[in-house]
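Colleague: here is my input, please return the structure:
(chains A, B and C)
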Amino acid sequence: MIASFLIQTLNGLASASLLFLVALGLTLIFGVTRVVNFAHGSFFMLGAYLAVSFHGFVGGGVLGFWGGALFAALAVGVVGAVAELTILRRIYRAPELLQLITTFGIVLLLKDVVLYTWGPEDILGPRAPGLTGAVWIFGKPFPQYDLLLLVLGPLIGLSVWLLLTRTDWGTRVRAATEDRDMAAALGINQALMFTGVFALGALLAGLAGALALPREPANHNMDLTIIADVFVVTVVGGLGSLPGAYVAAVIISVVKAWCIGIGDVRLFGMAFSFSKLTLVAEFIVMAIVLIIRPWGLFGTPQSPQRVSAASILPMPVPDVKRLWPLALVALALLMLPLLADRFTVVLATDIIIFALFAASLGLIMGLGGMASFGHAAYFGAGAYAAAVAFKAGAPFFVAVPAGVAFAGALAMLFGWFCVRLSGVSLAMLTLAFAQITWAIAFQWDSVTGGSNGLVGIWPPDLLSGKTAYYFATLLLAGAAILIIWRSAHAPLGYLMRAARDSRIRAEAVGVDVRIIQWRAIILAGAAAGLAGALYVFSKGSLSPDSLSIPRSVDALAMVLIGGVQTLVGPVVGAAVFMLLQDWIVRATPYWHAVLGITLILITIIFPQGIVGTLRQWRQRREGGP
Amino acid sequence: MRLGRLTMALATMAALAGPAMAQSPIKVGEINSYKVIPAFLEPYRKGWELAAEEINKSGGINGRPLEVISRDDNGAPGDAVRAAEELVSREGVALLTGGFLSHVGLAIADFAKQRKMPFIASEPLTDKLVWENGNAYTFRLRASTYMQVSMLVEEAVKLNKKRWALVYPNYEYGQSAIASFKLLMADRQPGVEFVVEQAPPLNRIDAGSVAQAVADAKPDAIFNVTFGADLQKFVREGTTRGLFKDMTVLSVLGGEPEYLDPLRDEAPVGWIVTGYPWYAIDTPEHKAFLAAYQAKFNDYPRLGSVVGYAAMISVGEALRKAKSTDPEAIVAATKGLKHSTPFGPITYREIDHQSTMGAYVGRIGLKDGKGVMVDWRYEPGERHLPSDDVVKKLRPQ
Amino acid sequence: MTAPVLAVEEIGKSFKGFRAVERVSFSVDAGELLALIGPNGAGKTTTFNMINGQLAPDHGRVRLGGEDVTRSPPRALWRAGVARTFQITQTFASMSVAENLLVAILSRESATGLLADAGRANADEIQARLDEVGMGHAADTLCSVLAYGDLKRVELAIALVNDPRLLLMDEPTAGMAARERGALMRLVAERARQRNTAVLFTEHDMDVVFGHADRVVVMNRGRLIAEGTPAEVRANPLVREVYLGSTIGEANP
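Modeller: Model (predicted):
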């Protein structure tokens, strides 16, 4: 028993080493450039594939394996540098988190590059020469290679730490991590340093990918399966903290290994599977850590964010005379079913639903300055509540409000914790909550239908026609969008923006910032819930993916593409994103790559989002401020 | 362009096929998660391309060429339903086919029911597709989770092992495979014990920890449902840690080339698996298929190739028999439809719309540094379906 | 006699064993301008922040009109009639000058509605209050493009929206041109006397202190060392010693 427990701990420590190497790169990159690099998992995957190819080319032996690891690390480092020089460099000045969408574009692009280059099948990589067997520890066999990994992770971490503390370059990097503006003022060549740090971070991820090969085949899921864990490790450890990343990686990995070791247990007469808990163990850990220490285990409380005027766009009360294009759009939407075919009406219904979803995120992100990586929680909660109510016999007109109410209630619960945090911590806490919600939907077979979800959720006869449902969606979602827009220049909107622009000033004029933010989150949650409820009745079915990370990323992409600091931006972003995706998926089998490149280009050309950047162009042309 | 521009290619083919096929093509809508499960679905695509080509070369469907319009659903049911809507209302397809993931398959099936549109599901294995959630418009080609488990249970009972460890991916496929296994085993071998259950998340197995936990429970045998990268990780860790030494392991899908071939010389010898020994099947149907496939793609077929091929043959035969593109006529024609496949003749049962396509059961062996199936036999699907009374109770009437 | 507007009673604060402020007491009366001065590290800012609610004192009391408001958060103090300005101006950068005042008014009215029109009803008041600080012409200008001196005036206007009993100003003239400093302080003094507002400010510029304060309290090393009229304080040998060698009116803490 004790031996099993100790071996599971060692298992956890071995896994932690790989996780740590990837997280180390991510945390370095974030510390210096403030880029939340979504593509870091892709670098990991690329490292694995490159090492496999090197091994195939050179053959086995020490050179094949360790040479391959070195080659993969260096090659991925170069890829990272190239990505920084050609893409990321252009968007450092854009609003925070836009890089998330740019790097998401890189994720999609690399996915197809890997698929095209290495084919669809998993490739089992080489094992480390001389380390293919097991050693006996506590009377149980333990892989020799895992033992090496266990040591290698901290060793590489130590050398990076020495690089940072004992070299000039490292000192400059640390200075930049602590205070970017100060470092710039001291004349540190930022451009060169950013490239260097990006390359180093990518190199570490590539190395980890190569070192993972004896434990897992090179496969197409490596990128997205590791990236979530790495985000968690980085945040739990404290953004920018090297020892924090290691401790967090150990905690996450060991907790998972213990869960597996404990297996099934009977608690209070109920069977509970700790093995199934590994589905969300890391997110539960993250939620707990963030609630207790918002800045992570080894992080330091962030100084109040310096709001640079460049990243905040004004939002004047719109001039009624300039609203005629909106009237034209409304007219076009009303006429659409007369002019377009049935599928266009279906697509338009989806776009309107996602426009509401994006607008609801835009409300808290744009006006409230609270980014959410888990907004799908409310969308999915609304959809599930409506579907469960419907299955329990409630009619459509009861089920939809039930969805809205449930999503609002969930937002009330999650929001209570979230408003105590800010910045990336807040965003990651929303992600943790969303993943926990997802896991509940995934596991609670009797209510949610588990991973299969629920089917047979169609609107009543009155709305069963696609045109009728389109108008119902247009009416409900349209009204909700108008409310959200209206709220920007209502007291709630002003107070939210005040809290975002200067929290300290807002508090000093008596604004209870948390209460305002909480209200905004509840409103946004309920609106997203309406979108979810409308979505489930338009598709007839529902599964946990409506709560998943990709759904949240879609919403983020829509908001940022359209323009986070504008009112119509998220809606425009939703339309552009949906139309692009619909068109590209049908146009080419390599739609991942094409969509990825498109996202990258959009974020480079429109750093303030399409609406925000167009507005800036117009102002520049008119010579205004 | 490895994946090709199918629609165009097929339309061109149809145009070249001559005057016999001057009539407008019959359109078929195909939906699958190509980007999510490429290892299985790229061969799958090749399979149905081959079938569509053969159908058109032999004169099409009652004189009309077949045109397949394929869509990627990105692994999301909502996207799949939207794609289905597009195929039905904009492209005017006569029927739908495809599907890999269970939840996507169920969503399309429900759409088919709502829109009264025939749907021949090829790959989704969930039992619910034809039983609990079965509907008049949905048919399924492949041997379901229940059927595959039933085939292995037969082997398990012969082994007469008492203490079983269960390892399965934590989602519907794994869960229902385990539920069926427990039920069938308890029925046929009273006193059987399930000493440990490990349910790692799909694609995210911590193989070392799982192997350790299984070993600690000291089972007599292991029933494994993991596949793909999870399976490869589990095999490696379990082998290194001595878990599989002198251990009996049953593994669903473990003999499918998609999952066996990447293991190369590390294939776990002795495991009892369901799969597809393409190199050794010498029935005339299969030989013809193998020759045609290798000629066209210069590659050997995977199981996905057979499923894709057989699915499109089913589509063609259903349309041929229906002599119309009227949905009700196609549904009527598919009920009880019999046709030949590379695995032999199959029938779409009237009672639950499940085809009787079977699977191969055998042991894993090593040959020339590659994993192969040995001592295999074909298990016809009809042998592994519950009695009609049970099916009637499961399926809504 | 009625209680002073602000009474600070024996407040103190330590950071990790370092006594930043020790048993400091003073009070401010209605209509009075009290300057809190002292060299760098004297504990002015800590004292100031204990009064405005940003720091909780380890011991002692802060009373507002006799009522204990120790440890009240800033927003509660504001509702009790305390307004403040910041050393580095804090305004809402994405909004126009008028909207900045609007936020304070909405907060004062406890308006948090979702659909109500925020702007119209308050336009007259906003214009009047901007005129008062000489910023009436800039109502529609964005705060992010204002000159620093103008920003200070806007901040003052924001602070005055709730007609405070007590106005706290942290280095009100820091960063301003010399010519503008006098103008701003005259504006403050005039307002305070008109409306009987108590004003407590910290300041480095001794011209500002001696030119505008009614009374001065001096801190050094966490303790209050002198208190009195500007003339008394100027003549105090202890104060002279503390400031010896340092040019009066330089650098920030």
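
Colleague: mind listing what's buried in whatever helix or strand residue B:154 lives in?
Modeller: Assigned by DSSP states H and E, residue B:154 belongs to helix B:145-159. By neighbour count with 16 or more other C-beta atoms under 10 Å in any protein chain shown, helix B:145-159 contains the buried residues B:145-153, B:155-156. Heads up, the C-betas are built off the backbone N, CA and C, glycines and all.

Colleague: would a markdown table of these with distance to residue C:213 and pLDDT be doable?
Modeller: Formatted as a markdown table, these follow (distance: C-beta to C-beta, whole Å; pLDDT from 0 to 100):
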| residue | distance to residue C:213 | pLDDT |
| --- | --- | --- |
| B:145 | 85 | 93 |
| B:146 | 89 | 94 |
| B:147 | 92 | 94 |
| B:148 | 89 | 93 |
| B:149 | 88 | 94 |
| B:150 | 93 | 94 |
| B:151 | 94 | 94 |
| B:152 | 91 | 94 |
| B:153 | 93 | 94 |
| B:155 | 96 | 91 |
| B:156 | 93 | 93 |
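
Colleague: mind listing the helices for chain B?
Modeller: Listed in chain order, the helices of chain B (DSSP state H) span B:6-16, B:38-57, B:77-85, B:102-115, B:145-159, B:172-188, B:207-216, B:228-240, B:257-260, B:284-297, B:303-322, B:327-334, B:388-394.

Colleague: mind listing what's buried in the second one?
Modeller: Neighbour-count burial for helix B:38-57, with 16+ other C-beta under 10 Å as criterion, is recorded at B:38-56.

Colleague: what's the answer for the last one, then?
Modeller: If you call a residue buried by 16+ other C-beta under 10 Å, then helix B:388-394 has these buried ones: B:391, B:394.

Colleague: output that helix as PDB, nothing but the C-alphas.
Modeller: Provided in PDB are the C-alpha atoms of helix B:388-394 (Å, rounded to 0.1, in the frame of the first residue of the first chain):
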ATOM      1  CA  ASP B 388     -35.600  -9.800 -30.600                       C
ATOM      2  CA  ASP B 389     -37.600  -9.500 -27.400                       C
ATOM      3  CA  VAL B 390     -34.800  -7.700 -25.700                       C
ATOM      4  CA  VAL B 391     -34.200  -5.400 -28.700                       C
ATOM      5  CA  LYS B 392     -37.900  -4.600 -28.800                       C
ATOM      6  CA  LYS B 393     -37.800  -3.500 -25.200                       C
ATOM      7  CA  LEU B 394     -34.700  -1.400 -25.700                       C
END
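
Colleague: do that helix and chain A meet at all?
Modeller: No - with C-beta under 8 Å from any C-beta of the partner chain as the criterion, chain A is not reached by helix B:388-394; the gap is at least 15.3 Å.

Colleague: cool, and the second one?
Modeller: Yes - with C-beta under 8 Å from any C-beta as the threshold, helix B:38-57 lies in contact with chain A, specifically through B:38-39, B:41-42.

Colleague: any idea which of the buried residues of helix B:145-159 is closest to chain A?
Modeller: Using C-beta to the nearest C-beta, residue B:145 comes nearest to chain A of the buried residues of helix B:145-159, at 11.8 Å.

Colleague: so that closest one touches residue B:127, yeah?
Modeller: Yes - between residue B:145 and residue B:127 a contact is recorded at 5.6 Å, counting by C-beta atoms under 8 Å.

Colleague: now the common contact residues for those two.
Modeller: B:176, B:180 (C-beta atoms under 8 Å, 6 or more residues apart in numbering or on different chains).

Colleague: contact residues of the stretch 501-625 of chain A facing chain B?
Modeller: Close to chain B, as judged by C-beta under 8 Å from any C-beta, the stretch 501-625 of chain A has residues A:535, A:539-543, A:545-546, A:550, A:582, A:585-586, A:589-592.

Colleague: and the buried ones among those, selectable in ChimeraX?
Modeller: Filtering these down to the buried ones (16+ other C-beta under 10 Å) takes a single ChimeraX command:
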select /A:535,539,540,541,542,543,545,546,582,585,589,590,591,592
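
Colleague: helix, strand or coil for the residue nearest to residue A:527 when sequence neighbours are not counted?
Modeller: Sequence neighbours aside, residue A:360 is the residue nearest to residue A:527 in space, at 3.7 Å (criterion: C-beta to C-beta, 6 or more residues apart in numbering or on different chains). Assigned with DSSP: H, G, I helix; E, B strand; the rest coil, residue A:360 falls in the helix class.

Colleague: residues contacting the closest residue in space to residue B:372 that isn't next to it in sequence?
Modeller: Using C-beta to C-beta, 6+ apart and skipping the chain neighbours, the partner closest in space to residue B:372 is residue B:365 (5.5 Å). Counting by C-beta under 8 Å, 6+ apart, residue B:365 makes contact with B:269, B:371-375.

Colleague: and if you look at residue B:164?
Modeller: B:156, B:185, B:192-195, B:219-223.

Colleague: pipe these into JSON lines and attach distance to residue C:28 per row.
Modeller: Formatted as JSON lines, those follow (distance: C-beta to C-beta, whole Å):
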{"residue": "B:156", "distance to residue C:28": "88"}
{"residue": "B:185", "distance to residue C:28": "85"}
{"residue": "B:192", "distance to residue C:28": "85"}
{"residue": "B:193", "distance to residue C:28": "82"}
{"residue": "B:194", "distance to residue C:28": "78"}
{"residue": "B:195", "distance to residue C:28": "78"}
{"residue": "B:219", "distance to residue C:28": "80"}
{"residue": "B:220", "distance to residue C:28": "86"}
{"residue": "B:221", "distance to residue C:28": "85"}
{"residue": "B:222", "distance to residue C:28": "80"}
{"residue": "B:223", "distance to residue C:28": "81"}
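
Colleague: out of those, who's the most crowded?
Modeller: Greatest neighbour count in the contacts of residue B:164, by other C-beta atoms under 10 Å in any protein chain shown, goes to residue B:223: 28 neighbours.

Colleague: wouldn't that residue be in contact with residue B:148 here?
Modeller: No - assessed by C-beta under 8 Å, residue B:223 is found out of contact with residue B:148, at 11.8 Å.

Colleague: among the helices of chain B, which gets the worst mean confidence?
Modeller: Lowest mean pLDDT of the helices of chain B: helix B:6-16, a mean of 48.

Colleague: buried residues in the helix ranked longest in chain A?
Modeller: If you go by DSSP H, chain A has its longest helix at helix A:2-33. By 16+ other C-beta under 10 Å, the buried positions in helix A:2-33 come out as A:4, A:7-33.

Colleague: what does stretch A:435-451 give?
Modeller: Buried residues in stretch A:435-451, counted by 16+ other C-beta under 10 Å: A:435-443, A:448-451.
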